[in-house]
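**Q** Need a 3D model of the following:
(4 chains)
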There are 2 protein chains.
Amino acid sequence: MANIKEIARIAGVSVTTVSRVLNNHPYVSKDKRTAVLKTIEQLNYTRNMNAVHLITGRTGAVAVILPMINSFYFSVVMDGLAQAALMAQYRLILCQTNYVPEEELKVLNMLRNKEIDGVVIVSTALKPEMIEPYCAYGPIVTCQNSGERPYSSVYIEHYAAFRHGLDYLHSKGHRKIGYCEGRENGSSASIRQSAFQDFLAEKGLPFDPEWMIFDCVREEDGAEVARRLLDMRSRPEAMIISGDHVAAGLIIEARKHGLSIPEELAVMGFDNQPIGRLLEITTIDNQLYQMGSAAFEIVHKHIHGSSLPVTRKLEYRIIERSTV
Amino acid sequence: MANIKEIARIAGVSVTTVSRVLNNHPYVSKDKRTAVLKTIEQLNYTRNMNAVHLITGRTGAVAVILPMINSFYFSVVMDGLAQAALMAQYRLILCQTNYVPEEELKVLNMLRNKEIDGVVIVSTALKPEMIEPYCAYGPIVTCQNSGERPYSSVYIEHYAAFRHGLDYLHSKGHRKIGYCEGRENGSSASIRQSAFQDFLAEKGLPFDPEWMIFDCVREEDGAEVARRLLDMRSRPEAMIISGDHVAAGLIIEARKHGLSIPEELAVMGFDNQPIGRLLEITTIDNQLYQMGSAAFEIVHKHIHGSSLPVTRKLEYRIIERSTV
DNA sequence: GCTTGCTATGGAATCCATTTCATAAAATAT
DNA sequence: ATATTTTATGAAATGGATTCCATAGCAAGC
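**A** Reported below is the predicted structural model:
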């Protein structure tokens, strides 16, 4: 109820002085400072932050766009973001958009509206040209390579990482290779798909469209893939699977049916998830937590001045375990 | 850059009229409305939401307090919260506090500061008496039974649910029962622990402190428990485990060492997680998604008037599969 | 002794939209 | 024909802080 004006009146100072006390400005005498603090205490006063946001033009909040939080991938990235935000004393607005473009645009409009100081786009259904105009209103960081676009990004080299995994399978002697992917048209999924097809073409390996399976998101989907593989007349010797959860489902189901892994079927996971460690799945770690924390650090820097867009590439590495 | 005043000047109307157009107020003539809309279009104007928040005293944002997002349990609750918030056109501020009380208090103070319209506390290190004073500043909903406290809650009957699970194990003939838990002093963990000890006492079952294992959070912890069990001279016949991820770790590791489940060791999970379905773990579903969505709906109702605190109890049920 | 620099303080402008109140014209009711 | 209601409009108050600018006392520098 009380405001800065009333504090000033009761403490016998100007509102400017009260504001100075609130903001730890040095030019306030000891007497006045204590008088102000006493009054604040007495009236149980706190700032109305909306007034602060209005006048300063800052809110101390950053929005995060992602399709769903209930997925290992996104919750790890979010964890990285959240820890970095906590350190920097920033607030994170979680915008779970289910890949609905209108919702994603609403979030970008929050930047225009000055409700937030920046946006981190972890994954989106929006095309880069839809995002670009919003750069005028504040910093935007994506988790996919933004290349020549005017916004920053932190990214994994999906193409190279995936090829690296394929090379590994190849080096282990596998020639008939299958592939499991999440959304067929996801932007990183498309990149991996190209990597897969380019690799097969370059090495002259057999390509069977039946060996390329999409919409594999949860453990259960992996189990379903295992069943499909068992029914095939011609089965791949190795599978590369985006997401260790899916790989886990496949492995458990396949073993249940007596298929031995890696002898009869090699499995290479992706994302280095905890379940993979437990099942000793050979996988590719691509630093999802770091992706989140780096993304936050970049928006944070942009908010505090640095305006040139940056692109930060993250390293990946194969974790050799026992399913290949 | 442009503001409502400038729009008014250029469109040749008063600021009041512009505000009416922005808020779809009926008492605006067609001519003036189109003139205003045209000017808004021309100047590429959008409201400064901070001014709106200041004058209306509302922000359309709700904060969520939870220790970590990167955990199945919390990410499912968060999913429920996020979907409900999306429907209601509300923003969610994710406050990952790592159970640091100071951070949690900061969030509650956002309510005082008028930065948010309400708070959902999914899990906290704060005692109820620390939370209570903040009820004066806005609606608070917890995900643990708030009983006679002046704030609302959505909760699972952890005591009853856990006993129900124990009863099930007992009905299947198990007498030597062990127990895996997450944080030893978590508020719901403590309830489960009492349920466990009360049950054993009432049924006159043997209690071995070695069979009660804490700090089991990830798959790996479950695997570690399996190894410990294998080393015991006297081993329980059944384990009740809070969290299917942990149960999965235990089962996989135990089987790796040749222990047959459920014959040599029965395992009852908790939370009905996807991994549990894959491994056919008998578990207790306790509607975590619904917990999130209900929690949001309750804050939402409070924000829009209804001030009496409510406590909403969620149902649980055993999912019989094949590990008991 | 005079200029410069630092400390301390307050007045007033500023950020920007909403809403109450007042007024008047037009439409409807009596 | 008069009284009442509805529609339309704007001036001004309101929400609550920050900050620029002006002023003044006092200390240090030359």
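**Q** Can you check the pLDDT for the single nearest residue of chain A relative to DNA strand D?
**A** The minimum distance from chain A to DNA strand D, using Cβ to the nearest atom of the strand, falls at residue A:3 (2.9 Å). C-beta: built from backbone N, CA, C; applies to glycine. Per-residue confidence (pLDDT) for residue A:3: 93.
**Q** same question, the one 10 residues further on
**A** Reading off the per-residue confidence, residue A:13 sits at a pLDDT of 95.
**Q** any idea how far it is from residue A:23?
**A** Computed as Cβ to Cβ, to the nearest Å, the residue A:13 to residue A:23 distance reads 14 Å.
**Q** more neighbours, those two?
**A** residue A:13 (21 against 10; other Cβ atoms under 10 Å in any protein chain shown).
**Q** dump the residue contacts of residue A:27.
**A** By Cβ atoms under 8 Å, 6 or more residues apart in numbering or on different chains, residue A:27 lies in contact with residue A:20.
**Q** Phi and psi next, for it.
**A** Note on residue A:27: its backbone torsions stand at phi -80, psi 60 [degrees, to the nearest 10].
**Q** my guess is residue A:234 contacts residue A:208, does it?
**A** Yes: with contact defined as Cβ atoms under 8 Å, residue A:234 counts as touching residue A:208 (6.9 Å).
**Q** Compare the two (neighbour count), which wins?
**A** Shown here are residue A:234 and residue A:208; by other Cβ under 10 Å, residue A:208 has more neighbours (14 against 9).
**Q** tell me the contacts of that one?
**A** Counting by Cβ under 8 Å, 6+ apart, residue A:208 makes contact with A:176, A:178, A:234, A:236.
**Q** Residue A:159 touches residue A:195, doesn't it?
**A** Yes: Residue A:159 lies in contact with residue A:195 (Cβ under 8 Å); the separation is 4.7 Å.
**Q** circling back: now, of the contacts of residue A:208, which are buried?
**A** A:178, A:236 (16 or more other Cβ atoms under 10 Å in any protein chain shown).
**Q** Now list whatever residues contact both of residue A:234 and residue A:208.
**A** residue A:176.
**Q** quick revisit: between residue A:159 and residue A:195, point out the one with more neighbours.
**A** Between residue A:159 and residue A:195, counted using other Cβ under 10 Å, the more crowded position is residue A:195 (22 against 17).
**Q** For that one, give me its contacts.
**A** Residues near residue A:195 by Cβ under 8 Å, 6+ apart: A:158, A:159, A:160, A:162, A:163, A:166.
**Q** thinking again about what came up before, most widely separated two among the contacts of residue A:208?
**A** Using Cβ to Cβ, the pair of these lying farthest apart is A:178 and A:234, separated by 10.6 Å.
**Q** How about the residues of the stretch 151-300 of chain A by chain B?
**A** Proximity of the stretch 151-300 of chain A to chain B (Cβ under 8 Å from any Cβ of the partner chain) is limited to residues A:218-220, A:223, A:245, A:248-249, A:252-253, A:274-275, A:277-279.
**Q** State the pair within these that is farthest apart.
**A** Farthest pair in these, by Cβ to Cβ: A:220 and A:277, 20.4 Å.
**Q** Roughly how far does residue A:57 sit from residue A:173?
**A** Relative to residue A:173, residue A:57 is positioned 61 Å away (Cβ to Cβ).
**Q** residues from the stretch 51-200 of chain A in reach of DNA strand D?
**A** Within the stretch 51-200 of chain A, the positions near DNA strand D by Cβ under 7 Å from any atom of the strand are A:51, A:52, A:54, A:55, A:56.
**Q** Phi, psi for the fourth one please.
**A** For residue A:55, the backbone dihedrals are phi -70, psi -40 (criterion: degrees, to the nearest 10).
**Q** all strands for the stretch 201-324 of chain A, in order.
**A** Applying DSSP state E, counting those that start in this stretch to the stretch 201-324 of chain A gives strands spanning A:212-213, A:238-241, A:266-268, A:283-285, A:311-314, A:317-319.
**Q** other SSEs contacting the second one?
**A** Contact analysis of strand A:238-241 by 3 or more Cβ pairs under 8 Å, 6 or more residues apart in numbering or on different chains; DSSP states H and E lists helix A:158-171, strand A:177-180, helix A:219-231, helix A:244-256, strand A:266-268 as its packing neighbours.
**Q** Using CSV, lay out the ones you listed together with distance to residue A:30 and mean pLDDT.
**A** Supplementary listing: these in CSV, determined by distance: least, Cβ to Cβ, whole Å; pLDDT from 0 to 100:
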stretch, distance to residue A:30, mean pLDDT
helix A:158-171, 60, 95
strand A:177-180, 69, 97
helix A:219-231, 64, 95
helix A:244-256, 61, 95
strand A:266-268, 68, 97
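**Q** can you put those in TSV and add distance to residue A:294?
**A** Below are the helices and strands packed on strand A:238-241 laid out as TSV (distance: least, Cβ to Cβ, whole Å):
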stretch	distance to residue A:294
helix A:158-171	16
strand A:177-180	28
helix A:219-231	29
helix A:244-256	22
strand A:266-268	26
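**Q** Quick one: closest of these to residue A:296.
**A** For these, the distance to residue A:296 is smallest for helix A:158-171, at 21.1 Å, taking Cβ to Cβ.
**Q** Convert the closest one to PDB, retaining C-alpha atoms only.
**A** Extracted in PDB, the C-alpha atoms of helix A:158-171 (Å, rounded to 0.1, in the frame of the first residue of the first chain):
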ATOM      1  CA  HIS A 158      24.300 -32.100 -35.800                       C
ATOM      2  CA  TYR A 159      25.600 -33.000 -39.200                       C
ATOM      3  CA  ALA A 160      29.100 -33.600 -38.200                       C
ATOM      4  CA  ALA A 161      28.100 -35.300 -34.900                       C
ATOM      5  CA  PHE A 162      25.800 -37.700 -36.700                       C
ATOM      6  CA  ARG A 163      28.300 -38.500 -39.300                       C
ATOM      7  CA  HIS A 164      30.900 -39.100 -36.600                       C
ATOM      8  CA  GLY A 165      28.500 -41.700 -35.100                       C
ATOM      9  CA  LEU A 166      28.000 -43.300 -38.500                       C
ATOM     10  CA  ASP A 167      31.700 -43.400 -39.100                       C
ATOM     11  CA  TYR A 168      32.100 -45.100 -35.800                       C
ATOM     12  CA  LEU A 169      29.500 -47.800 -36.800                       C
ATOM     13  CA  HIS A 170      31.300 -48.100 -40.200                       C
ATOM     14  CA  SER A 171      34.700 -48.500 -38.600                       C
END
